[in-house]
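J.: Let me see the structure of the following:
(2 chains)
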Amino acid sequence: MNYLLRVLTVAIVFALGGCAMDTESPNSPNSTGKAGSLARYAIGGPNLNYLYSVTSTDILVTDITNLENPQLVNEIKIDEWWQAETIFPFGDYLFLGTEAGMLVYSIALDASNPVYVSSFEHIRGCDPVVAQNNLAFVTLNGNGPCGAAQNELHVLDISNIEFPRLLYTVELDDPYGLGIDGDLLFICDGKSGLKVFDASNAQNKVELLETFSNVQATDVIPYNGNLLMIGEDGFYQYHYADGNISLLSKMEVAKKG
Amino acid sequence: MSRENKRNFRDGFKISKTIQACLLITIPAFFTGCYQCEETYLVKHFSPVYMQRAELENSIKASDAKLIESPGKIYAKDQLFFIVEQQKGIHVIDNSNPQQPAIIQFIEVPGIAEIQMKNNVILANNAVDLVTIDISDLSNPKELGRVVELFPYQQPSSESGRITYGSIDPEQGYVINWEEESREQTKSCYE
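T.: Model prediction:
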């Protein structure tokens, strides 16, 4: 009886522990961390055995079962019209940010072979993606070499992953990376600083809660209730777990001569 | 008008043959660029910095903690936080106390842009190669494995004209950095 209870507990913990992209699961020997939204690399698959790296025209799949002997096992071609830039692992999916829009690939059947699922196009612009529950959040940057798009946030409904659809947009100034954790959406709005939005009703709207305008914000990682942010001026950390956002520390970048 | 007046009027507009000849030469000269207009402006030019393969495969090493200059991609795992120093290496930060993060190590990885981790191993690019680096002992990072030339070169474009990049010449080795210099460029106002 005791044995059965133990097995049941482990099974429940596994089930609750999460998805294909576990960062840490109680009995798994493998663990990974968390990258910023501008990353071109992601790790996934059962036992975290694959490294997915995005070039402008491919997803390269490298088998990292044996870290002393990584092996390229697959190359998924992406039409050069897209110009892939970023990757966000999300359960059994890989969300790619590209200059022309968001691409969704599935690794549900065979993690070594990401399969195209769907796409959502927009006017040319640099655009990292993050996702949570049934929503995907994409920032578009139309400044500089990226393209001619507006500078804005797109919120997409991905409840039907094969047909992502735009719910609404929010105007921004100069957006780069972003992060989502529970009810808070963090957007790096470049020179305009770090913007924190209330995402509790993100299906309908997000509301600007606070702007930290004295920083240049490039990318963020929400991690264990703290926000880790990098900008041109330095590395900033904010605490947000209790709903209030407060600066914990700041590490400056060396001033160039 | 009297006949005399008309004659005077007509004569006043008569141009001597010599002057006519001069005008025939000088007026076209205005349109052929004899009168030059030029502007000089500064261009930021980036030249590739190369490393040979033998050196590349021995290039990963620990060095003293140093200040962040050109922050690149970021990564968090457990108590550690990593900031890529573009093209140079990885700043390793002890973030066990987020109110007092401390840079504890720098790992040189020439040509680096990206970073990931699995267990105690960093995965990164070392120019066009993928490398895996064991950091179980941070002061002694150990290269575990390498996939040679996994990543294609990305020749940056010189589209804007004000920022230009030299062409990558694979015969010279592997690009690990881009060196910036300001150049003067002159062009005709008419371009």
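J.: partner residues bridging whichever residue of chain B sits closest to chain A?
T.: For chain B and chain A, the shortest gap (C-beta to the nearest C-beta) falls at B:Lys77, measuring 2.8 Å. All C-beta atoms are positioned from the backbone trio N, CA, C, and that covers glycine. With beta bridges defined as DSSP bridges, B:Lys77 has these partners: B:Leu80.
J.: what about the helices in chain B?
T.: All helices of chain B, identified by DSSP state H, fall at B:3-12, B:17-31, B:53-56.
J.: what does chain A give?
T.: Along chain A, counting by DSSP H, helices occupy A:2-17.
J.: For it, which residues score under the pLDDT cut-off?
T.: Within chain A, the stretches falling below the threshold (pLDDT under 70) are A:1-28, A:145-149, A:256-257.
J.: Mind telling me which residue of it is nearest chain B?
T.: When scored by C-beta to the nearest C-beta, chain A has A:Gly33 as its residue closest to chain B, at 2.8 Å.
J.: From what I see, that residue and B:Ala76 are in contact.
T.: Yes. A:Gly33 is within contact range of B:Ala76, at 5.3 Å (criterion: C-beta atoms under 8 Å).
J.: pretty sure A:Lys191 contacts A:Pro175?
T.: No. Checked against C-beta under 8 Å, the pair A:Lys191 and A:Pro175 is beyond contact range at 10.6 Å.
J.: what does the stretch 51-200 of chain A have sitting close to chain B?
T.: A:51, A:53, A:55-56, A:60, A:62, A:64, A:66-72, A:145 (C-beta under 8 Å from any C-beta of the partner chain).
J.: and those, which of them are in strands?
T.: Judged by DSSP state E, strands contain the following of those: A:Leu51, A:Ser53, A:Leu60, A:Thr62, A:Gln71, A:Leu72.
J.: Report how many residues lie close to A:Gly45.
T.: A count of neighbours around A:Gly45, defined by other C-beta atoms under 10 Å in any protein chain shown, yields 21.
J.: Leaving out chain neighbours, which residue sits closest to residue 96?
T.: Looking at chain A here, since you left the chain open. By the measure of C-beta to C-beta, 6 or more residues apart in numbering or on different chains, the closest residue to A:Leu96 outside its immediate chain neighbours is A:Leu103, 4.1 Å from it.
J.: Wait, chain B was what I had in mind.
T.: B:Gln79 (4.2 Å).
J.: Next, the distance between the ends of stretch A:78-91.
T.: Taking C-alpha to C-alpha, to the nearest Å as the measure, stretch A:78-91 stretches 21 Å from start to finish.
J.: Give me the contacts around that stretch.
T.: By C-beta atoms under 8 Å, 6 or more residues apart in numbering or on different chains, the surrounding residues in contact with stretch A:78-91 are A:19-21, A:37-44, A:52-59, A:94-101, A:103, A:126-131.
J.: Show me the residues you listed that map onto strands.
T.: Those of those mapping onto strands are A:41-44, A:52-54, A:58-59, A:94-98, A:101, A:103, A:129-131, per DSSP E.
J.: Quick check: the residue of chain B closest to chain A vs A:Pro70, distance?
T.: Applying C-beta to C-beta, to the nearest Å, one obtains 19 Å for the distance of B:Lys77 from A:Pro70.
J.: ditto for A:Pro164
T.: Plainly put, A:Pro164 is 32 Å away from A:Pro70 if you go by C-beta to C-beta.
J.: quick revisit: isn't the residue of chain B closest to chain A right next to A:Ala35, touching?
T.: No. Taking C-beta under 8 Å as the contact criterion, B:Lys77 and A:Ala35 are not neighbours in contact, 9.7 Å apart.
J.: most centrally placed residue in chain B?
T.: Residue closest to the average C-alpha location in chain B (C-alpha atoms, centre = their mean): B:Phe46, at 4.0 Å.
J.: Pairing partners for the closest residue to it other than its chain neighbours in the sheet, please.
T.: With sequence-adjacent residues excluded and distances taken as C-beta to C-beta, 6+ apart, B:Phe46 is closest to B:Trp178, at 4.0 Å. Per DSSP bridges, the residues bridged to B:Trp178 are B:Pro48.
J.: B:Trp178 - how many residues pack around it?
T.: Taking other C-beta under 10 Å as the criterion, the count of residues near B:Trp178 is 16.
J.: cool, B:Ile135 as well?
T.: By other C-beta under 10 Å, the residues close to B:Ile135 number 21.
J.: which residue sits closest to it in space, ignoring its chain neighbours?
T.: B:Pro141 (5.2 Å).
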